[in-house]
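Novice: Provided below are the primary sequence and the corresponding predicted coordinates.
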Amino acid sequence: MATQFFINQDQDVISVIHRLMSAGAREIILYIPADAKIAKDAISLRILKRETQEMDKNIKISSPDKRILKLAKEAGLNTVDKVSTMDFVRPIKSSKLAPLGGDATQEPGSFVDFISGQNSPATNIPKKDPITMIQISQESRQPNINDDLAMRRSRMPIIKIVYAFVAICILVGIAAAYLILPRATIEVLPKQETVNFDLEVVADSQISQPDLVLNKIPGQMVKISQQKTQEFNASQAAAVDSRAQGKITIYNNFSTQEQALVATTRFIPEGSQLIFRIKQKIIVPPAKMVNGKLEPASVEADIEADQFGSEYNVGPATWRIPGFMGSPKYDGFYAKSLEAMAGGSRKGEGKVASTEELSQAKEQMNTVLQEEAQAELAKKIPGNLKFFDKCQRKELVKLELEKSPDNPEKFLLNGELQVEAMVFDLNDLKVLIEQNVTAKLSDQKKSLPETQIIDYLDCEIDSEHEQAKFKVATEEKLSFLLDEAVLRRDLVGKNANDLQQYFTNQVAVNRARVTFWPFWVKKVPNNPQSLKLKIVQTLD
């Protein structure tokens with residue numbers, strides 16, 4: 001049950017707080033009569049609310065005056081609309097009873113303490129007099145309570161000083177932010193125009209530095225030869241008889257004298273009766289005597305089968321001359337073939353390439369040679385040098401057809417492509433182009449070399465003098481020049497509308513982007529350090 005206190009009309013907030021500090025109860029109801037001094041305004045009730053919160057006491061206000069209840073609610077205090085005054089002990093005139101907590105003489109009319117509940121000191125009040133109350137004088141309070149209240153009062157000026165200092169710091173910070181933080185960022189994109197022109201350039205392997213007068217740059221002639229053999233299918237049946245052919249190497253391991261062999265001399269592969277004949281007269285060179293030992297000499301010869309037919313397409317073999325059979329020369333003269341004989345057939349046997357197949361094979365071979373030559377060329381050229389397709393000379397110097405020795409239904413195509421290319425340093429070409437662009441500039445513009453676009457046109461290679469003359473179509477952007485010092489001078493102090501008008505009237509300005517910071521800034525600060533000006537070549 002809540003402890004109940006009755007407040008006299010002349011009681012102030014300090015004395016009430018002092019009394020509540022000594023009360024042991026947490027739940028307390030304060031009865032405030034009409035026209036009580038403590039309820040003259042809301043300030044005293046707010047102080048009461050704050051101090052009782054620090055004491056961890058739950059205070060409720062009861063009063064017959066609705067104005068007092070309203071002020072209590074505004075101060076954040078809980079109210080009790082109706083509490084019977086019979087629950088409070090009435091005052092008495094007796095001065096013989098000692099006040100709670102002290103022995104000092106009581107003075108009526110200072111502070112009245114009413115307590116209800118079985119365990120409260122109210123049991124000391126005589127039951128036969130229901131209107132008796134105990135008056136406790138202000139002077140009878142304990143000295144330690146007065147000291148505590150004095151300490152609280154002494155702290156109040158210090159708190160006020162702290163609050164004032166914090167407030168001043170906040171105001172100074174706001175003023176500093178207003179004066180120091182404001183800044184503006186202005187990005188300006190100058191107007192640009194494009195210049196186009198063609199330029200004839202000579203890449204010369206005989207010079208080492210660009211010649212800006214003659215439009216010459218150093219060059220280097222690179223030459224490669226790309227060879228390839230590729231097998232293709234043949235679908236057309238053979239229409240004629242043909243003899244197998246090939247090459248053999250004839251050895252003289254018989255004497256130190258040369259040996260003449262007439263055309264059509266017969267040769268037979270060992271283990272076979274198939275006859276082949278050499279196509280022309282051959283002189284087999286003499287063997288050499290080295291340290292008493294004979295070292296054979298040799299010569300290469302073309303050989304052809306004696307008859308038609310695919311059976312003559314024999315593989316690598318050792319050959320004998322049947323005309324020497326029965327004489328020492330039979331073992332002393334012999335031949336060897338490292339590759340198979342090919343081309344032997346009869347009508348209807350084997351396949352040959354049709355005209356269409358041969359044309360497709362040549363076209364495919366040329367394409368493959370071109371691709372492989374470009375890949376090989378790229379490997380041989382250093383990374384800092386450049387070449388382009390139009391500045392190359394390509395020549396297909398060989399394209400030969402022969403039968404496949406392994407498959408009569410296929411044929412082989414041997415090709416060779418020679419390539420000459422002029423390579424040069426791209427930076428030398430860009431310097432030459434920039435020199436020509438600069439010559440076309442006025443004082444109010446500047447070139448933008450990073451915007452160069454180069455298109456390579458015709459090229460003529462002079463292999464004898466190792467030169468290449470080529471033409472390029474060039475495109476580059478020019479930018480109007482802006483005086484940053486003048487811009488800074490003109491922009492300070494201008495608001496958004498002024499800036500809009502200013503840049504609209506600038507013939508050398510394409511666009512501008514303005515950013516103010518913080519949000520309250522509405523114009524460019526007068527402090528030059530607070531203006532960040534950027535002249536850019538792109539503006540998203």
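Specialist: Thanks, I have it.

Novice: all helices for the stretch 101-250 of the chain, in order.
Specialist: 143-180 (DSSP state H, counting those that start in this stretch).

Novice: how about the strands in it?
Specialist: With strands called from DSSP state E, counting those that start in this stretch, the stretch 101-250 of the chain shows them at 111-112, 135-136, 183-190, 192-204, 216-233, 236-237, 243-252.

Novice: how about the CA coordinates for the fifth one, as CSV?
Specialist: In other words, strand 216-233. Output of strand 216-233 as CSV, limited to C-alpha atoms (Å, rounded to 0.1, in the frame of the first residue of the first chain):
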residue,chain,number,x,y,z
LYS,A,216,59.5,9.4,-93.3
ILE,A,217,59.7,7.0,-90.4
PRO,A,218,62.2,4.1,-89.7
GLY,A,219,61.1,0.7,-91.0
GLN,A,220,62.2,-2.8,-91.2
MET,A,221,61.6,-5.3,-94.0
VAL,A,222,60.7,-8.8,-92.7
LYS,A,223,60.8,-11.8,-95.1
ILE,A,224,59.5,-15.3,-94.5
SER,A,225,58.9,-18.4,-96.6
GLN,A,226,56.0,-20.7,-95.6
GLN,A,227,55.9,-24.3,-96.9
LYS,A,228,53.3,-27.0,-96.5
THR,A,229,52.3,-30.4,-97.9
GLN,A,230,48.7,-31.5,-97.6
GLU,A,231,46.8,-34.6,-98.6
PHE,A,232,43.5,-34.5,-100.4
ASN,A,233,40.9,-37.0,-101.6
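
Novice: average model confidence for that strand?
Specialist: Per-region confidence: strand 216-233 scores 91 on mean pLDDT.

Novice: just checking, what packs against it?
Specialist: Where contact means 3 or more CB pairs under 8 Å, 6 or more residues apart in numbering; DSSP states H and E, strand 216-233 is packed against strand 192-204, helix 355-380, strand 410-425, helix 426-438, strand 467-480. Backbone N, C-alpha and C define where each C-beta goes, glycine included.

Novice: Rebuild these as a markdown table, extending it with distance to residue 459.
Specialist: A markdown table is the format used below for these (distance: least, CB to CB, whole Å):
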| stretch | distance to residue 459 |
| --- | --- |
| strand 192-204 | 9 |
| helix 355-380 | 15 |
| strand 410-425 | 8 |
| helix 426-438 | 13 |
| strand 467-480 | 4 |
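
Novice: out of those, nearest to residue 37?
Specialist: Nearest to residue 37, of all those, is strand 467-480, at 82.9 Å by CB to CB.

Novice: report the angle between the axes of that closest one and strand 183-190?
Specialist: 140 degrees (axes from the mean of the first three to the mean of the last three CA atoms, to 10 degrees).

Novice: Parallel or antiparallel, list what pairs with strand 467-480.
Specialist: The strands beside strand 467-480 in its sheet (DSSP bridges) come out as strand 192-204 (antiparallel), strand 445-462 (antiparallel).

Novice: Serialize the ones you listed to JSON lines and add fields for mean neighbour count, mean pLDDT and distance to residue 311.
Specialist: Output for these, formatted as JSON lines (neighbours: other CB atoms under 10 Å; pLDDT from 0 to 100; distance: least, CB to CB, whole Å):
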{"stretch": "strand 192-204", "mean neighbour count": "15", "mean pLDDT": "94", "distance to residue 311": "60"}
{"stretch": "strand 445-462", "mean neighbour count": "15", "mean pLDDT": "92", "distance to residue 311": "52"}
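
Novice: so which of the ones you listed comes closest to residue 258?
Specialist: Minimum separation from residue 258 across the strands paired with strand 467-480 (CB to CB) falls at strand 445-462, 49.7 Å.

Novice: so which of the strands paired with strand 467-480 comes closest to residue 225?
Specialist: strand 445-462 (16.2 Å).

Novice: Okay, now the unreliable bits of the stretch 101-250 of the chain?
Specialist: Applying pLDDT under 70 to the stretch 101-250 of the chain flags the ranges 101-157, 172-180, 237-240.

Novice: just to revisit the earlier point, make a markdown table from the strands of the stretch 101-250 of the chain and add distance to residue 331 to it.
Specialist: A markdown table is the format used below for the strands of the stretch 101-250 of the chain (distance: least, CB to CB, whole Å):
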| stretch | distance to residue 331 |
| --- | --- |
| strand 111-112 | 153 |
| strand 135-136 | 155 |
| strand 183-190 | 96 |
| strand 192-204 | 65 |
| strand 216-233 | 37 |
| strand 236-237 | 44 |
| strand 243-252 | 11 |
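
Novice: ok so, going back, could you dump the strands paired with strand 467-480 into a markdown table and include distance to residue 40?
Specialist: Below are these laid out as a markdown table (distance: least, CB to CB, whole Å):
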| stretch | distance to residue 40 |
| --- | --- |
| strand 192-204 | 79 |
| strand 445-462 | 82 |
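
Novice: can you list the domain ranges for this protein.
Specialist: 3-141, 239-337 (automatic domain parsing).

Novice: And the strands paired with strand 467-480: which comes nearest residue 250?
Specialist: Across the strands paired with strand 467-480, closest to residue 250 is strand 445-462 (CB to CB), at 46.2 Å.

Novice: which residues sit against that closest one?
Specialist: Residues from elsewhere that reach strand 445-462 (CB atoms under 8 Å, 6 or more residues apart in numbering): 192-193, 198, 388, 390-393, 420, 422, 429-430, 433-434, 437-438, 441, 467-481, 537.

Novice: Mind checking which of those residues are buried?
Specialist: By neighbour count, with 16 or more other CB atoms under 10 Å, the contacts of strand 445-462 hold 388, 391-393, 420, 422, 429-430, 433-434, 437, 467-470, 472, 474, 476-480 as buried.

Novice: before we move on, the earlier item: can you tell me which of the strands paired with strand 467-480 is nearest to residue 221?
Specialist: When the strands paired with strand 467-480 are compared for distance to residue 221 using CB to CB, the nearest one is strand 445-462, at 8.1 Å.

Novice: between the closest one and helix 426-438, how many degrees?
Specialist: On the basis of the same axes, to 10 degrees, strand 445-462 is oriented at 130 degrees to helix 426-438.
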